[in-house]
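**Student:** just to be clear, the model below is a prediction. Sequence and coordinates:
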Amino acid sequence: MPKPLPAPTLKPNQTKKPAAESTSDGILLGDKVWWNPTKLPNGHIAIIGASGSGKTQTLKAIAYELTRFIPSVRCIVIDFHGDQELPGEVCYPLNMESPYGINPLVIDLDTKGGGPSLQAIAVATILKKALVMGVNQEGLIIDILTTCYKQRGIIQDDPTTWRREPPTFADVREEIDSRIKSGCKESSKLTLKLAAMFEYGIFTRPQPSLDAQIIRFDLSALGKVPGLGAIAAEALIKQVMDAHRILGEIEGKIPRSYIFIDECKEAKDSKTLNLVFADGRKYGLGAAVGSQKRKDMSDDVIMNSSTKIILAVDQTEVKRIAKDFRFAEGLVGQLQPLEALVRMGSNGEKCKIKPFYERI
Ligand SMILES: Nc1ncnc2c1ncn2[C@@H]1O[C@H](COP(=O)(O)OP(=O)(O)OP(=O)(O)O)[C@@H](O)[C@H]1O
Ligand SMILES: [Mg+2]
């Protein structure tokens with residue numbers, strides 16, 4: 001169960017810090033407000049703010065400073081709008097012409113909770129939600145995916161087979177085609193649902209390695225087709241979370257990786273993003289997400305983020321955000337662009353965010 005939020009307090013900014021943007025004490029957000037994920041109950045961040053309030057600038061500033069503050073940390077940016085470019089990044093644009101893809105069929109190697117069967121169920125759940133399907137089609141997908149794994153010699157009962165090259169959606173397409181030829185009507189309907197997924201090809205191409213320090217997946221081209229961005233984001237988040245679980249719990253408080261998602265609306269229903277916020281800390285996986293509206297951010301994300309940043313929000317949002325982020329309505333309602341109320345653990349502070357464009 002998520003812990004209740006601490007009581008509201010607003011501390012004056014009294015601490016004196018040197019003028020650097022990243023010291024051993026943390027990262028300067030703006031004015032005299034410093035952020036240090038290793039000194040908080042968890043390193044997760046939730047940012048809320050209307051258009052033009054400074055979400056993108058704040059998230060980019062944090063990602064940029066984080067890699068300087070913790071040189072070993074890896075940042076994975078899931079970029080729905082295509083405006084999250086960072087210095088030194090490796091960018092993988094995902095679109096019809098891109099040579100890169102994401103393979104949702106990559107298996108979780110955890111022998112206690114992974115394997116092809118659970119992956120098939122997880123992928124079917126993602127597709128069902130993102131493409132609005134019924135239970136019959138969900139069941140059919142599970143069957144088709146399990147067949148595709150078997151064709152590659154990957155079997156639930158034998159974990160030694162789980163490391164074999166997983167199938168992609170090219171295999172899924174072939175399997176569906178062969179079922180259609182055998183007269184399966186449900187498969188014909190399914191192929192219509194999956195048409196856009198096949199068309200874009202991003203789920204049939206090889207997936208790039210996640211080894212670089214700053215990796216950005218540019219999903220902005222997927223926005224035209226409902227659901228595609230959500231499927232890609234969920235597949236990525238799941239792979240990263242699974243990989244961190246396999247690595248085991250961290251000893252200290254230094255995170256291994258961070259996932260950044262601006263405009264997290266598309267990932268609102270992401271089961272795995274909620275899991276990252278609930279459980280990622282143990283495995284050294286942090287996340288920072290931004291949204292224009294409170295309703296586009298899940299309750300789990302809000303409740304499990306030790307750092308909450310409110311930027312200027314629409315007047316219709318003030319009441320709910322003031323309540324959920326534990327700040328007085330009067331303070332929330334007066335914010336100007338790049339002005340922020342920052343809650344870190346039980347402390348609340350106000351500052352003018354130093355935007356990314358002033359840091360480079
Ligand atoms: N390179 C720049 N130079 C000067 N001002 C900038 C620059 N980039 C952004 N801004 C300003 O900084 C403020 C915050 O912009 P930002 O893009 O972070 O907003 P946002 O909350 O992400 O908005 P949206 O929801 O529309 O994406 C805006 O007032 C914008 O005009
Ligand atoms: Mg933005």
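**Tutor:** Alright, I've got the coordinates. Ligands and ions are numbered 1, 2, ... in the order given.
**Student:** so which bits of this protein are right by ligand 1?
**Tutor:** Residues of the chain lying close to ligand 1 by Cβ under 6 Å from any ligand atom are 49, 51-57, 292, 337-338, 355, 357. C-beta: built from backbone N, CA, C; applies to glycine.
**Student:** again, only this time at 8 Å
**Tutor:** Taking Cβ under 8 Å from any ligand atom as the contact definition, the chain meets ligand 1 at 49-60, 81, 83, 262-263, 290, 292, 311, 337-338, 355-357.
**Student:** please name the nearest non-neighbouring residue to Thr38.
**Tutor:** Counting by Cβ to Cβ, 6 or more residues apart in numbering, Lys253 is the residue found nearest to Thr38 once chain neighbours are left out, at 4.2 Å.
**Student:** what number of residues lie near the one you found?
**Tutor:** Lys253 is surrounded by 15 other residues when neighbours are defined as other Cβ atoms under 10 Å.
**Student:** and the one 5 residues further on, by the same measure?
**Tutor:** Burial of Tyr258, expressed as a neighbour count using other Cβ under 10 Å, amounts to 28.
**Student:** if I look at it, how far off is Pro159?
**Tutor:** In this structure, Tyr258 lies at 30 Å from Pro159, with Cβ to Cβ, to the nearest Å as the measure.
**Student:** any weak-confidence spans in this structure?
**Tutor:** Segments of the chain classed as low confidence (criterion: pLDDT under 70) are 1-24.
**Student:** quickly find the element holding the residue of it found nearest ligand 2.
**Tutor:** When scored by Cβ to the ion, the chain has Thr56 as its residue closest to ligand 2, at 3.2 Å. Assigning secondary structure by DSSP states H and E places Thr56 in helix 55-69.
**Student:** what packs against the helix or strand following that helix?
**Tutor:** Later in the chain than helix 55-69, the nearest helix or strand by DSSP H and E is strand 74-79. Packed against strand 74-79, as judged by 3 or more Cβ pairs under 8 Å, 6 or more residues apart in numbering; DSSP states H and E, are the following elements: helix 55-69, strand 214-218, helix 228-247, strand 257-262.
**Student:** highest mean neighbour count out of these?
**Tutor:** Per-residue neighbour counts averaged over each of those give the maximum for strand 257-262, namely a mean of 25 (mean count of other Cβ atoms under 10 Å).
**Student:** one step back: give me the angle between the helix holding Thr56 and strand 257-262.
**Tutor:** Interaxial angle of helix 55-69 relative to strand 257-262 (axes from the mean of the first three to the mean of the last three Cα atoms, to 10 degrees): 160 degrees.
**Student:** could you export helix 55-69 as CSV, CA atoms only?
**Tutor:** C-alpha atoms of helix 55-69 as CSV (Å, rounded to 0.1, in the frame of the first residue of the first chain):
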residue,chain,number,x,y,z
LYS,A,55,8.0,20.8,-18.0
THR,A,56,10.3,19.9,-20.9
GLN,A,57,12.9,22.4,-19.8
THR,A,58,12.8,21.0,-16.2
LEU,A,59,13.0,17.4,-17.3
LYS,A,60,15.9,18.1,-19.7
ALA,A,61,17.7,20.1,-17.0
ILE,A,62,17.4,17.2,-14.6
ALA,A,63,18.5,14.5,-17.1
TYR,A,64,21.4,16.7,-18.2
GLU,A,65,22.6,17.4,-14.7
LEU,A,66,22.0,13.8,-13.4
THR,A,67,24.6,12.3,-15.8
ARG,A,68,27.1,14.8,-14.5
PHE,A,69,26.1,14.3,-10.8
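**Student:** so how far is that helix from its chain's centroid?
**Tutor:** On the basis of Cα atoms, centre = their mean, to the nearest Å, helix 55-69 sits 15 Å off its chain's mean C-alpha point.
**Student:** give me the angle between that helix and strand 74-79.
**Tutor:** 170 degrees.
**Student:** Ser51: what secondary structure?
**Tutor:** With DSSP: H, G, I helix; E, B strand; the rest coil as the basis, the three-state label of Ser51 is coil.
**Student:** again but with Cys91, I slipped
**Tutor:** Assignment for Cys91 (three-state DSSP): strand.
**Student:** could you count how many residues lie near Leu341?
**Tutor:** Taking other Cβ under 10 Å as the definition, Leu341 ends up with a neighbour count of 24.
**Student:** how many neighbours does His141 have?
**Tutor:** Residue 141: Ile, not His. 25.
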